[in-house]
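*Asks:* give me the fold of what follows.
(2 chains)
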Amino acid sequence: MVHGKRFDWGAYGYLLPVVSIILCFHVLPIFYSLAISFYEWDLMSDPNWVGLENFRRLVDDPMFYKSLVNTLYYVLFSVPLSIGAALLIAMLLNHPIAGIGIYRTIYFLPVITSINAVSIVWNFIYHPEYGLLNKLLALVNIAPRPWLQDPTPLMHLVGHTLGLPWPDWLPAGPSVAMMSIILMSVWKGLGYNVIIFLAGLQNIPKHLYEAATIDGASRWQQFRNITWPLLSPTTFFVFTMSCIGSFQVFSQIYMMTPRGGPMKSTMVIVFYLYQKAFVKFEFGYALAIAFVLFLMVFALTLFNKLYVEKKVHYS
Amino acid sequence: MRLKHPFHLVVHALLILGSIFMLFPFVWMVTTSFKSEDEILKTGKRIVVLPDAWRPSFLNSEEDTRRIEAAAAQRRLWEDLQAGKPLPEGARKPAKPFETFDNYKLVWGEGESLWSFLGLASSPAAAPGAKKGQQDFYRYFLNTMFVSITITLSSLFTASLAAYAFAFFKFPLKDAIFMGLLGTMMLPQQALLIPNYILLSKLNWINTYAALIVPWVASVYSVFFLRQFFLQLPKDLFEAATIDGCTRFQFYWKVVLPLSKPPMVTLGIFTFLGTWNSFVWPLIVTNDAELRVIQVGLSYFNSEAGTQWGPLMAASCLTIFPLVVMYFLAQRQFVESQATTGMKE
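*Replies:* Below you'll find the model as predicted:
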């Protein structure tokens, strides 16, 4: 360095805009909100100190539990569905075939579009009377359903179809309405995962497959022993990011079931938080919900990092 | 390798099937946006993709033909009425016939002009018969353009300044500040909505453009992204230029920025996309229809429009139109940077 040990004090001036905005709107509010969660406050009157009352109310709130369970259903179904489908498509795209660019463009298209706009289209597709889905099902003689207004739990539906009643004491799974939203969300987010998986697949050295083919390994054996372990860092990344994202699902719920769905079966945590804060103006209570959500996402990420990542193969 | 060719056929077949699933909602959205309410609701159990006006006549079923003929008869009546001819005995007064772009005209609004948006002329009164929120997409569109472009340009500016300092300057606490900034990316977004809302309402910023813009003109991700690029620029250049009397800011403005067009373009596209699509924040900090951005406008319209699927689809098409255009113009940036940035996070 020509300057030796001289410092560029002007650097702080260059950092000032970013640092001040991040501090004001992204860091300090976090500490502020921790404080508010100990108050009862509607923003109009003075805040009223209630200590841990907001958190105690959470424990007794059946709607909070319901939203928790609904969120878990959403995560448990949307994450594996999206990862499975994306991996399959990425593996298909990883073949040396013509038109890869076109397929990639098509699969990625929903990712760039607005969730609100595509939610409206899917509302129309799911419409009980005029919707495309019921019309398509009618072609194969399946009775129409009021998709987004259908509170039937998935397991009751499966049990009914198979002629086996589902026992009451078992969790009955997401409602048909929730499954409809899950299907739409998987469609919307699939392309992103496809692109990431494709990048991961292209990093796997080709000579491994050539050697395996010479040794007479089947396609399944190649997948099991080469692709899956070598892709695991990518899978882990996609899994972690998808979990974090789906725990916070909101927009499609708001657009497709604006009242929380039939029998509140699509009421998820962020939607409940939104209603408490910005419809009922119970800010302290809403922040208590926000912190529980944050702790859950944090715990899940930590669990992924500590336990799931042990299975990841880093070369 | 004998099986290569037939296997690729299977691959194509599966990918095409998937592509239909991915694309069909868009096709459905665009074609529906050009249909009249009659065409949308009166098709019974049949699946009719193309609007009546676009469909070659050999594809029409008997029902379609009947509907089209009835509409044509109405249109003739209406034209006669416009030309001043009296209605035939016993005929009901015909409704205005549907034109291809009617749904778009309804949601776009014909009244407002760029001048009234800029406050240089008064907004015209809404046309009689239009429902609340239907005619304002022109305004929503301009609001969103204004907010998105402002955020994109100013966040590129603030991020490049900070990235420049991190890449080229030596100063105390440099690493600590950088790590601190990166750490903020892990803070929970949903916990931020409420305190930020309270902060803005204390500042009296609720229902202002400032509330939509100011919190988002700094992006840690952009700082990180640009710093990675700036670190690859030759350090010698910086030293040579400063010895020759070039100031720090001149070097940033005249050398660094022109050299970093590609990453700036990529970042700009993503910032624009993110801002255009942002929904929850504008939903919370504005409730004035004048300030509504397009995503919020769409959500209000969705809850008010009921089953007016034609106008709803037209509004949705308008919302994603700029994004799709951008996507096709800059596909490389979209797909490739998603693939690489995704892995680095």
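*Asks:* ok, and the closest non-adjacent residue to residue A:228?
*Replies:* Nearest non-adjacent residue to residue A:228, counting by CB to CB, 6 or more residues apart in numbering or on different chains: residue A:235, 8.0 Å away. From N, CA and C alone the C-beta is placed, and that goes for glycine too.
*Asks:* please verify my assumption that the one you found contacts residue A:83.
*Replies:* Yes - in this structure residue A:235 lies within contact range of residue A:83 using CB atoms under 8 Å: 7.1 Å.
*Asks:* between the two, which one's more packed in?
*Replies:* Each of residue A:235 and residue A:83 has its neighbours counted (other CB atoms under 10 Å in any protein chain shown); residue A:235 has more, 21 against 18.
*Asks:* doesn't that one fall inside a strand?
*Replies:* No - counting by DSSP: H, G, I helix; E, B strand; the rest coil, residue A:235 falls outside a strand, being helix.
*Asks:* can you classify residue B:319 by secondary structure?
*Replies:* Secondary structure, three-state DSSP: residue B:319 is helix.
*Asks:* neighbours of it, how many?
*Replies:* By other CB under 10 Å, the residues close to residue B:319 number 27.
*Asks:* so the nearest residue to it once chain neighbours are set aside is in which element?
*Replies:* Take residue B:319 and drop its neighbours on the chain: the residue closest to it by CB to CB, 6+ apart is residue A:117, 4.4 Å away. According to DSSP states H and E, residue A:117 maps onto helix A:115-125.
*Asks:* just checking, what packs against that helix?
*Replies:* When contacts are defined as 3 or more CB pairs under 8 Å, 6 or more residues apart in numbering or on different chains; DSSP states H and E, helix A:115-125 sits against helix A:132-139, helix A:176-202, helix A:251-256, helix B:4-33, helix B:294-304, helix B:309-329.
*Asks:* okay, angle between the longest one and helix A:132-139 too, please.
*Replies:* The one in question is helix B:4-33. Calculated by axes from the mean of the first three to the mean of the last three CA atoms, to 10 degrees, helix B:4-33 forms an angle of 120 degrees with helix A:132-139.
*Asks:* and after helix B:4-33, which helix or strand comes next?
*Replies:* Taking DSSP H and E, what comes next after helix B:4-33 is helix B:37-41.
*Asks:* beyond that next one, next helix or strand please.
*Replies:* Next in sequence after helix B:37-41, counting helices and strands by DSSP H and E, comes helix B:62-82.
*Asks:* what residues sit buried inside that next one?
*Replies:* Neighbour counts over helix B:62-82 (16 or more other CB atoms under 10 Å in any protein chain shown) mark B:64, B:67-68, B:71, B:74-75, B:77-78 as buried.
*Asks:* and those residues, which is closest to residue B:47?
*Replies:* Residue B:47 has its nearest neighbour among these in residue B:64, at 12.2 Å by CB to CB.
*Asks:* quick check: that closest one touching residue B:52?
*Replies:* Yes - the pair residue B:64 and residue B:52 qualifies as a contact (CB under 8 Å) at a distance of 7.0 Å.
*Asks:* any low-confidence regions in the chain?
*Replies:* Since you didn't name a chain, this refers to chain A. Applying pLDDT under 70 to chain A flags residues A:1-5, A:315.
*Asks:* I was thinking of chain B, sorry if that wasn't clear
*Replies:* Along chain B, segments meeting pLDDT under 70 span B:1-4, B:110-135, B:335-345.
*Asks:* can you list the domains in it?
*Replies:* Each domain of chain B is listed here as a residue range: B:4-82, B:137-344, per automatic domain parsing.
*Asks:* which one of the ones you listed is the most hemmed in?
*Replies:* Ranked by mean neighbour count, the domains of chain B are led by domain B:137-344 with a mean of 18 (mean count of other CB atoms under 10 Å in any protein chain shown).
*Asks:* residue A:43: how many residues sit nearby?
*Replies:* Residue A:43 is flanked by 13 other residues according to other CB under 10 Å.
*Asks:* show me what contacts the closest residue in space to residue A:292 that isn't next to it in sequence?
*Replies:* Leaving aside its sequence neighbours, residue A:292 sits nearest to residue A:58 (CB to CB, 6+ apart; 6.5 Å). Residue A:58 makes contacts with A:64, A:285, A:288-289, A:292, as judged by CB atoms under 8 Å, 6 or more residues apart in numbering or on different chains.
*Asks:* can you pull out the strands in chain A?
*Replies:* All strands of chain A, identified by DSSP state E, fall at A:39-40, A:48-49.
*Asks:* right, and those strands - which one's nearest chain B?
*Replies:* Evaluated over the strands of chain A, closeness to chain B peaks at strand A:39-40, with 11.1 Å, by CB to the nearest CB.
*Asks:* and the closest one, how far out from the chain middle?
*Replies:* A distance of 31 Å separates the centroid of the chain from that of strand A:39-40, by CA atoms, centre = their mean, to the nearest Å.
*Asks:* what do you get for stretch B:296-314?
*Replies:* Chain-centre distance of stretch B:296-314: 16 Å, with CA atoms, centre = their mean.
*Asks:* cool, stretch A:244-257 as well?
*Replies:* With CA atoms, centre = their mean as the basis, stretch A:244-257 stands 8 Å off its chain's centre.
*Asks:* equivalent analysis for stretch A:294-302, please.
*Replies:* For stretch A:294-302, the separation from the chain centroid amounts to 14 Å (computed by CA atoms, centre = their mean).
*Asks:* that stretch close to chain B?
*Replies:* Yes - against chain B, stretch A:294-302 shows contacts by CB under 8 Å from any CB of the partner chain at A:294, A:297-298.
*Asks:* now the buried members of these.
*Replies:* For the residues of stretch A:294-302 next to chain B, a neighbour count by 16+ other CB under 10 Å gives the buried set as A:294, A:297.
*Asks:* now, the residues of stretch A:294-302 next to chain B that are in helices?
*Replies:* Members of the residues of stretch A:294-302 next to chain B lying in helices (criterion: DSSP state H): A:294, A:297-298.
*Asks:* list the contacts of stretch A:296-315.
*Replies:* For stretch A:296-315, the external contacting residues (CB under 8 Å, 6+ apart) are A:229-230, A:232-233, A:235-236, A:239-240, A:243-244, A:247-248, B:188.
*Asks:* among the residues you listed, name the ones in helices.
*Replies:* Cross-referencing the contacts of stretch A:296-315 against helices under DSSP H gives A:229-230, A:232-233, A:235-236, A:239-240, A:243-244, A:247.
*Asks:* if any of these are buried, give me the PyMOL selection for them.
*Replies:* In PyMOL, this line selects whichever of the ones in helices among the contacts of stretch A:296-315 come out buried by 16+ other CB under 10 Å:
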select buried, chain A and resi 230+232+233+235+236+239+240+243+244+247
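*Asks:* ok, the ones in helices among the contacts of stretch A:296-315 vs residue B:238, which is closest?
*Replies:* Distances from residue B:238 to the ones in helices among the contacts of stretch A:296-315, taken by CB to CB, are shortest for residue A:233, at 35.6 Å.
*Asks:* which residues sit in contact with that closest one?
*Replies:* For residue A:233, the contacting residues are A:200, A:312-314, by CB under 8 Å, 6+ apart.
*Asks:* nothing else from me, thank you.
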